[in-house]
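Trainee: Prediction below, plus the sequence it came from.
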Amino acid sequence: MRKRNRLSAQAYIDGVLNGDRVILSQAITLVESALPTDQVLAEEVMDAVLPHAGKSIRIGITGVPGVGKSTFIEKFGWLVIEQGYKLAVLAVDPSSQSSRGSILGDKTRMEKLSMDKRAYIRPSPSGTTLGGVSARTREAMLLCEAAGFDVVFIETVGVGQSEIAVKGMVDFFLLLMLAGAGDELQGIKKGIIEMCDALVINKADGDNKEAAQRAKREYANALHLFPAKENSWNPKVKTCSGLSGEGLPEIWQMIQEYRDLVYSNGFFEFNRAEQRANWMHEHVKYLLETNFYNDMAIKKDLDESLADIKSGKVSAIKKARALVQLFMNQILR
Ligand code: GDP
């Protein structure tokens, strides 16, 4: 096994709370690790930093590849840090396992932002399950907050499950779209449109301006048909150009208005409380799954019996129950 250099829990805690970016990165690597010993250390670090987390505005930004996410985040992020905020940008990208590549893996993305001390950009965590990836993203977000970042962007590629996971950890959810291409074409599911707090038609520049305005009117009409939201916020439709920066101050203004509303009507705290409860459930699943697959007896049994399961000699359902039984006997021993 590769040798891992780990710091003491206290060194991670002090480093993160002091805003040390190198230690922050190492702490995120630690929480991303599936090794049981790392998990124990990570839990100790998370426990200590949690009281210092939570004070940021968490914004989910989604949209299909090519919609202009990185260009938008670069410009919008700049606007945010120029207002005096410290910004962390994280990504949930389960597709990084496949040929599409990591959405933040490309170093040329967000070049200016990534060079500035007021911003911290973290490529997507690696992982094989969406649950695992999103759980790690949540912990990365909390570590960033504890390190003093007071605005967090979480980026996803707008095609389904990961948006639901991100919705479960942010305060505001923003969907970037293009004018002229139908929702179907953009691979955006209706469910995603329904859960967004703002729908932003991007690339509203040059010859595309008029089409963007038209799309804005159409979406504004369509959004009226959706049922009222729990947070009493009417989702807004905006246009912008991530390239020229036009429309970006209005988007930041809108997020401020949203924040004022949900602070005053109690939704902000209600939503965060619900999210914490869901987090606990997710973490139970994560712990069970990783400990199960890391268990030596399970590994050995699986190695021996997978071929029989694949060939149909042994029933998958029966084997699953037998393995879980074996695992429980192991823990209760
Ligand atoms: P991502 O895949 O969603 O991150 O999209 P990118 O930010 O990489 O942008 C994809 C392409 O669209 C690039 O060629 C950009 O130069 C272009 N682009 C991004 N934003 C805009 C914009 O606001 N206006 C125009 N005209 N082009 C843009």
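Mentor: In hand now; what should we look at? All values reported here derive from a predicted model rather than from experimental measurement.
Trainee: give me phi/psi at residue 177?
Mentor: Per-residue torsions, residue 177: phi -140, psi 170 (degrees, to the nearest 10).
Trainee: tell me the contacts of the residue nearest to it when sequence neighbours are not counted?
Mentor: Closest residue to residue 177 apart from its sequence neighbours, by C-beta to C-beta, 6 or more residues apart in numbering: residue 201 at 5.5 Å. In short, each C-beta sits where N, CA and C put it, glycine included. Contacts for residue 201 (C-beta atoms under 8 Å, 6 or more residues apart in numbering) come out as 177, 178, 179, 212, 215, 216, 219, 237, 238, 239, 240.
Trainee: By neighbour count, which of these wins?
Mentor: residue 177 (28 neighbours; other C-beta atoms under 10 Å).
Trainee: From what I see, that residue and residue 215 are in contact.
Mentor: Yes - applying C-beta atoms under 8 Å, one finds residue 177 in contact with residue 215, separated by 7.4 Å.
Trainee: picking up where we left off before, now distance to residue 142, pLDDT and secondary structure too, for the contacts of residue 201, in JSON lines please.
Mentor: Shown next, in JSON lines, are these (distance: C-beta to C-beta, whole Å; pLDDT from 0 to 100; DSSP: H, G, I helix; E, B strand; the rest coil):
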{"residue": "177", "distance to residue 142": "30", "pLDDT": "91", "secondary structure": "strand"}
{"residue": "178", "distance to residue 142": "33", "pLDDT": "91", "secondary structure": "strand"}
{"residue": "179", "distance to residue 142": "37", "pLDDT": "90", "secondary structure": "coil"}
{"residue": "212", "distance to residue 142": "36", "pLDDT": "94", "secondary structure": "helix"}
{"residue": "215", "distance to residue 142": "36", "pLDDT": "90", "secondary structure": "helix"}
{"residue": "216", "distance to residue 142": "35", "pLDDT": "92", "secondary structure": "helix"}
{"residue": "219", "distance to residue 142": "33", "pLDDT": "86", "secondary structure": "helix"}
{"residue": "237", "distance to residue 142": "31", "pLDDT": "94", "secondary structure": "strand"}
{"residue": "238", "distance to residue 142": "29", "pLDDT": "96", "secondary structure": "strand"}
{"residue": "239", "distance to residue 142": "33", "pLDDT": "97", "secondary structure": "strand"}
{"residue": "240", "distance to residue 142": "29", "pLDDT": "98", "secondary structure": "coil"}
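Trainee: got the residues of the chain near the ligand?
Mentor: 63, 65-71, 202-203, 205, 241-243 (C-beta under 6 Å from any ligand atom).
Trainee: Which pair of those spans the longest distance?
Mentor: 65 and 205 (19.5 Å; C-beta to C-beta).
Trainee: all strands of this protein, in order?
Mentor: 57-62, 87-91, 119-121, 151-156, 172-178, 198-202, 236-239 (DSSP state E).
Trainee: Just give me the neighbour total for the closest residue to residue 268 other than its chain neighbours.
Mentor: Ranked by C-beta to C-beta, 6+ apart and with sequence neighbours excluded, the top spatial neighbour of residue 268 is residue 262, at 4.1 Å. Using other C-beta under 10 Å, residue 262 has 21 neighbouring residues.
Trainee: Distance check, residue 262 against the ligand.
Mentor: 27 Å (C-beta to the nearest ligand atom, to the nearest Å).
Trainee: pretty sure that residue is touching residue 255, no?
Mentor: No - counting by C-beta under 8 Å, residue 255 is not a contact partner of residue 262; they are 10.7 Å apart.
Trainee: For the protein, which residues score under the pLDDT cut-off?
Mentor: 1-4, 93-108, 124-133, 158-160, 181-189, 333 (pLDDT under 70).
Trainee: care to break it down by domain?
Mentor: Domain ranges of the chain: 1-52, 53-265, 295-332, per automatic domain parsing.
Trainee: Would you mind putting these into JSON lines with distance to residue 284 alongside?
Mentor: As requested, those are exported to JSON lines (distance: least, C-beta to C-beta, whole Å):
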{"stretch": "domain 1-52", "distance to residue 284": "13"}
{"stretch": "domain 53-265", "distance to residue 284": "11"}
{"stretch": "domain 295-332", "distance to residue 284": "14"}
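Trainee: Just say which of the ones you listed is most tucked in.
Mentor: Among the domains of the chain, domain 53-265 has the highest mean neighbour count (mean count of other C-beta atoms under 10 Å), at a mean of 19.
Trainee: Need the distance between the two termini of that domain.
Mentor: 22 Å (C-alpha to C-alpha, to the nearest Å).
Trainee: what about that domain, distance to the chain center?
Mentor: Relative to the chain's own centre, domain 53-265 is displaced by 10 Å; criterion: C-alpha atoms, centre = their mean, to the nearest Å.
Trainee: same question, stretch 272-280
Mentor: 15 Å.
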